[in-house]
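Peer 1: 3D, please:
(one chain, ligands or ions: 1)
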Amino acid sequence: MSEPRLKCIICNKEYDPEEIVYNCKSCGGLLEVTMDPPDVSWDRFANRPFGVWRYRELIPIKEGTEIVSLDEGGTPLYRCDRLARWAGVRRLFIKYEGRNPTGSFKDRGMTVGVTKARSLGSRAVACASTGNTSASLAAYAARAGITCYVILPSGKVAMGKLAQALMHGAKVISVKGNFDQALKLVMDVSRSMGIYLLNSINPWRLEGQKTLAFELVEQLGHVPELVSVPMGNCGNISAIWKGFKELSGAGMISEKPRMYGVQAAGAAPVVEMLRKNLESITPIKSPETIATAIRIGNPVNWPKAVEAIRGSGGIYDSVTDEEIVETQKAIAYLEGIGVEPASAASVAGVRKAVRACLIHPDAEVVCVCTGHLLKDPEEVITVCGKPVEIPPDLKAVSDLISPEPLPQTCFG
Ligand code: AN7
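Peer 2: Take a look at the predicted model:
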């Protein structure tokens, strides 16, 4: 493996990969990890377990480093024919990230991020989170034996995610503010107190998340035409696109997919920017959506996401809460796949884009469903209602099961 470098995406200034730095010190730009295209081919991976570390040569962590892992990645790619008909496309696949150790794609990033934290000698890690990042970081920090601090927007984190952060022993701090304010706080406090920051501004995390692209190519046997990804802080779409670019750079694929970035209508600064063809986002002060995971008004990784969308000849759109919930239900009852609301945005976006003639009905698309249904049980009760309650007698239950009396023959 060639020596990885940390490089500013704006002014190209380079930093030592062992330095703890999150933004370019000259221009403030985002950093990314780069290395020369490694000399590998797909056969090299063939006999290894399916998951993030299968692609060891493509992950810029020094050989010999002790890896912090919970067997992340290697998630199923489900072909969804009924959902494809519902959305109006020929072929639709769901890359089901809910099958990760803590139930979201964040684990792909945390295995690399926490491995890096430990190799740098960090004793404590921190993040701000809409929920999944904190759940994942708490678990990986526990696995590594490192102290974990998480700052959450009060009252806006789904119960399953909060439960995970608490049980894995993170110090959980709830701020009376939104995610963007929590992120600003954690960035300031990490700098001043020397705690290693593991939000997706940390480029090492994206090095784990990019493996989703590698898995997709192996699972499909080819490069998909379009990959639809929900966007919050915009790390994941950037990471997946980086994965495809690196495969292409290493000569391992001959074409790249179009990337489709989908935001929730009440939290769509990137989509607004692209619609107006502007050069930067206007942050949304009070973002609002039922998909609390992507309730983010000032996404730090927006320049990388814009590059993913523009650079891939991709598309972008926002979807309403109503569309998100309708789609979440469709995924659940047409395919048996349980996803949280933010995840459903990727599929909702595909249906909308087919109707708007932005995706051809003959296309083959992959939707990244980022988190598990059980992350947000309260949302489920809100949108599905509570179950009917009855006294414990046969008449009450049979009245509900069949409004007509059952014919005697049913019982022989
Ligand atoms: C299920 O946990 O930002 O665009 O703090 O949990 O990479 O931010 C979560 C984001 C999509 C958006 N789907 O990904 C956090 C957090 C789910 C998520 C996203 C998130 P990014």
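Peer 1: residue 308 against residue 237, yeah?
Peer 2: Yes - contact status for residue 308 versus residue 237: in contact at 5.1 Å, counting by CB atoms under 8 Å. For glycine as for every other residue, the C-beta is placed from the backbone atoms N, C-alpha and C.
Peer 1: who touches both of these two?
Peer 2: 259, 261 (CB atoms under 8 Å, 6 or more residues apart in numbering).
Peer 1: quick check on residue 173: phi, psi?
Peer 2: The phi and psi values for residue 173, taken as degrees, to the nearest 10, are phi -120, psi 130.
Peer 1: am I right that it is in contact with residue 152?
Peer 2: Yes - at 7.1 Å, residue 173 counts as touching residue 152 under the criterion of CB under 8 Å.
Peer 1: look at these two and report which has more neighbours.
Peer 2: More neighbours surround residue 152 than the other of residue 173 and residue 152, with 24 against 16 (other CB atoms under 10 Å).
Peer 1: A helix includes the more buried one, no?
Peer 2: No - if the criterion is DSSP: H, G, I helix; E, B strand; the rest coil, then residue 152 is strand and not within a helix.
Peer 1: so what's it bridging to?
Peer 2: Using DSSP bridges, the bridge partners assigned to residue 152 are residue 174.
Peer 1: so where's the chain uncertain?
Peer 2: Within the chain, the segments meeting pLDDT under 70 span 1, 403-412.
Peer 1: interface residues of this structure facing the ligand?
Peer 2: Applying CB under 6 Å from any ligand atom, one finds that the chain approaches the ligand through 104, 129-133, 200, 230-236, 293-294, 340, 342-343, 370-371.
Peer 1: those strands in the stretch 301-412 of the chain, which residues are they?
Peer 2: Per DSSP state E, counting those that start in this stretch, the stretch 301-412 of the chain carries strands over the ranges 315-319, 364-369.
Peer 1: number of nearby residues for residue 64?
Peer 2: Using other CB under 10 Å, the number of residues around residue 64 comes to 6.
Peer 1: check which helix or strand covers it.
Peer 2: Using DSSP states H and E, residue 64 sits within no helix or strand.
Peer 1: relative to the ligand, how far out is it?
Peer 2: Distance from residue 64 to the ligand, counting by CB to the nearest ligand atom, to the nearest Å: 30 Å.
Peer 1: ok so, going back, what about the residues of the chain next to the ligand, which are in helices?
Peer 2: 132, 133, 235, 236, 342, 343 (DSSP state H).
Peer 1: tell me the one of these nearest residue 336?
Peer 2: Checking those against residue 336 with CB to CB, the nearest one is residue 343 at 14.6 Å.
Peer 1: quick one: residues contacting the closest residue to that closest one other than its chain neighbours.
Peer 2: Closest residue to residue 343 apart from its sequence neighbours, by CB to CB, 6 or more residues apart in numbering: residue 369 at 3.9 Å. Contact analysis of residue 369 by CB under 8 Å, 6+ apart lists 94, 95, 96, 97, 98, 331, 337, 339, 343, 344, 346, 347.
Peer 1: in terms of neighbours, single out the busier of residue 308 and residue 237.
Peer 2: Neighbours were counted for residue 308 and for residue 237 using other CB under 10 Å; residue 237 has more, 32 against 29.
Peer 1: do I have it right that that one meets residue 310?
Peer 2: No - between residue 237 and residue 310 there is no contact under CB under 8 Å: 11.9 Å.
Peer 1: thinking again about what came up before, any chance of the contacts of residue 369 in TSV, with neighbour count and distance to residue 122 too?
Peer 2: Output for the contacts of residue 369, formatted as TSV (neighbours: other CB atoms under 10 Å; distance: CB to CB, whole Å):
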residue	neighbour count	distance to residue 122
94	26	35
95	27	31
96	24	32
97	27	26
98	23	29
331	27	38
337	21	37
339	28	33
343	34	31
344	30	35
346	29	33
347	32	38
